[in-house]
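Chemist: coords below, sequence missing:
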């Protein structure tokens, strides 16, 4: 909309949406300072149906670009970059065409979903199949998106899909590979991106609210609005009560050093717990006798075996297809453990079909000893073992 039509546009758009979706809720996560919000403050049919929250927004301002250049010249950063370059050709690349976008998109989406699933219990591209279609459509309109990737040979090891604004760029998708975590590919990508944006005349990179790492990169902060619009008056009233109760509960939890997200996670943890299952667990704990066996095979013998189906190695797409098969399992816990192990240098071997992860197994070259809780014993592996 033209600036003078900003408030009129959004109220009319909301009227049309409510006509087709009378009980829906629409959330704008981070409205930047230049967005028209007069419709929220003046008496109007929508001002009473919208809830506002303010968030601190971290910004990386470029200035003359000298601070970013100086950071890249630091001894520690140069050392890490050199180690990355020894692994193959390293290149910061901007993505301009749909063909280039398609060539790296699936790997970027897997890296993004994998990390988001591990950290935030959400896999955005898999939960919203239209997300990819939407971004592909935007790529066909020059000047809307700013897409870049840090490439190691032909593989993106970090990437940013961002929205272009008048004088800044706002991060939408930020991905980086867990396989190169010790080399900090995400950090270097943001530095290279900042240098490129500075040369292109942009003043800042909007890192968007949320995440402690963003505060470390930010050079300044401002405020953005989160606006949730309820199309139903009853839903709006309920939402205001929930917000008020959450504020009171948050203050109480802070006094006893309990994080609100810990409480929110409890229902999912106990969703499948029943009295029968508790009794079964108690019986196993009191009367079970277990024998724990370790098997080994030498590499030469393993090389002579035939396999009808080859496994994938370090395939994030396979891991993202994990579905809990036991009551104590959750997807976010599985992905969190997988992220920890991959960033630590372990390898995962997997088999999957189009719908599910069928099998996975881990291998580590740096484990010398394990403690097996099932039998309360430890075991020291022979030198040169991959566990």
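Modeler: Sure thing, it's come through. Computed from a predicted structure; not experimentally measured. Numbers count the residues shown, from 1 in each chain.
Chemist: Just give me the residue closest to the centre of this protein.
Modeler: residue 116 (2.3 Å; C-alpha atoms, centre = their mean).
Chemist: What distance do you get for residue 36 to residue 227?
Modeler: Distance, residue 36 to residue 227, by C-beta to C-beta, to the nearest Å: 12 Å. Where C-beta positions appear, they are placed from N, C-alpha and C, glycine not excepted.
Chemist: any idea how far residue 46 is from residue 230?
Modeler: Using C-beta to C-beta, residue 230 is found at 10 Å from residue 46.
Chemist: out of those two, which sits in the busier spot?
Modeler: More crowded of residue 230 and residue 46, by other C-beta atoms under 10 Å: residue 230, with 23 against 18.
Chemist: Can you name the residues that contact the nearest residue to the more buried one once chain neighbours are set aside?
Modeler: Of all residues not flanking residue 230 in the chain, residue 236 sits nearest, at 4.0 Å (C-beta to C-beta, 6 or more residues apart in numbering). Residue 236 makes contacts with 48, 49, 50, 51, 230, as judged by C-beta atoms under 8 Å, 6 or more residues apart in numbering.
Chemist: Now do the SS call for the closest residue in space to the first one that isn't next to it in sequence.
Modeler: The shortest distance from residue 48 to any residue that is not its chain neighbour, by C-beta to C-beta, 6+ apart, is 6.8 Å, and that residue is residue 236. Assigned by DSSP: H, G, I helix; E, B strand; the rest coil, the conformation of residue 236 is helix.
Chemist: quick one: pLDDT of residue 134?
Modeler: At residue 134, the pLDDT value in this model is 96.
Chemist: ugh, wrong one, residue 271
Modeler: 59.
Chemist: Use 322 as the first number for this chain going forward.
Modeler: That works, and once the first residue is 322, the last one we named lands at residue 592.
Chemist: sorry, back to before: so which of the contacts of residue 557 belong to strands?
Modeler: The strands, defined by DSSP state E, take in 371, 372, 551 from the contacts of residue 557.
Chemist: what's the closest non-adjacent residue to the first one?
Modeler: Looking back up the chat, that one is residue 371. Here the residue nearest residue 371, using C-beta to C-beta, 6+ apart, is residue 550, at 4.8 Å.
Chemist: Could I get the pLDDT score of that neighbour?
Modeler: 93.
Chemist: Also residue 692?
Modeler: Reported pLDDT for residue 692: 87.
Chemist: Leaving out the residues flanking it, which one is nearest to residue 689?
Modeler: Per C-beta to C-beta, 6+ apart, closest to residue 689 is residue 702, 6.1 Å.
Chemist: That should have said residue 360, apologies.
Modeler: residue 328 (4.5 Å).
Chemist: coming back round to it: now the residue nearest to residue 551: how far from residue 618?
Modeler: 64 Å.
Chemist: Thank you kindly, that will do.
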